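J.: only geometry, no sequence info:
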C-alpha cells in the first residue's frame, strides 16, 4: 500500500485568505488526485495532477480558485484561494498505484472557513 | 457518463445481524466498482473492488459484494455486524480508463447497536 501524508490535518481560516494543503507519498506515483468532501456529502473530484504537466480540472473547478502544483513524483499541493465559508470541507489527496491498479487516500485536511 | 446511487444515507443494525448496504450504478462502459470505508476522522480505505472475472468479490473485514449486471447493482454485505463496523461506506464506479477517476455515491452511515 501507499502511505500518504497530508498537512495540515485541520485548520480554521478567515474568509478571503488562502491555504495550501500538502500531500506527500512514500513512493513515486504517476497520477495524483484531489477530492473535496463537503459536510454531509460525498467525494467530488477537483482535479488530476500529473508530474510535469498542468493539472486537469473537473467541471465546476478552476485553476484560479484551486491552483495545484506537482513538482515531483512524490509530492503535490492544492491551494484553496480567497476562501469563503462554502469552501469548508475535507480535502483529500489520492494516488494511483499501477500494479495492481488501486487508489489510495490520505487522511484528509479538514478546513473550516469563518 | 457514470453515476452511483446509494439507497439509505443511514442504516442501523444490531450487533450480529446481517449488514446490507445498497449500491446501484449507471455506466455506458463495463464498470469497475468499489466499496470504500471511512472511519471517523480518517481517510478512505478500500474494502473491495470488482474489475473483471468472478462477480462475487470478497474484501477485508468479512465484507463481500456481488456484481449483478442485469440489476446494475453492487450491494455490500456482511453476515454478522460487529461494533467496529460502524463507519461511513462509499460505493464508487470508474471506467477503468487511463485516468481511473472515481465517481462516488453519497455514502451510507452504518450504525451498529449493541
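T.: Good, I have the coordinates. What you see is a predicted model, and the numbers here were worked out from it, not measured in a lab.

J.: The worst-scoring helix or strand of chain A on mean pLDDT: what's the following helix or strand?
T.: Sorted by mean pLDDT, DSSP states H and E, the helices and strands of chain A end with strand A:102-105, the least confident at a mean of 84. Once the chain leaves strand A:102-105, the next helix or strand it forms, by DSSP states H and E, is strand A:109-113.

J.: Need the phi and psi values for the most centrally placed residue in chain A.
T.: The centroid of chain A falls nearest to residue A:34 when counting by CA atoms, centre = their mean (3.4 Å). Here is the backbone geometry of residue A:34 (degrees, to the nearest 10): phi -120, psi 130.

J.: what do you get for residue B:61?
T.: Main-chain torsions, residue B:61, degrees, to the nearest 10: phi 60, psi 30.

J.: That one touches residue B:47, doesn't it?
T.: Yes: judged on CB atoms under 8 Å, residue B:61 makes contact with residue B:47 at a distance of 7.1 Å. Heads up, the C-betas are built off the backbone N, CA and C, glycines and all.

J.: who's more crowded, these two?
T.: Neighbour count, other CB atoms under 10 Å in any protein chain shown: between residue B:61 and residue B:47, residue B:47 has more, with 23 against 13.

J.: May I have the phi/psi pair for that one?
T.: According to degrees, to the nearest 10, residue B:47 has phi -90, psi -50.

J.: residue contacts, it?
T.: B:34-37, B:59-61, B:63, B:76, B:89 (CB atoms under 8 Å, 6 or more residues apart in numbering or on different chains).

J.: And stretch A:86-94, what's buried?
T.: A:87-94 (16 or more other CB atoms under 10 Å in any protein chain shown).

J.: check whether that stretch contacts chain B.
T.: Yes: shown here: stretch A:86-94 in contact with chain B (CB under 8 Å from any CB of the partner chain) through residue A:92.
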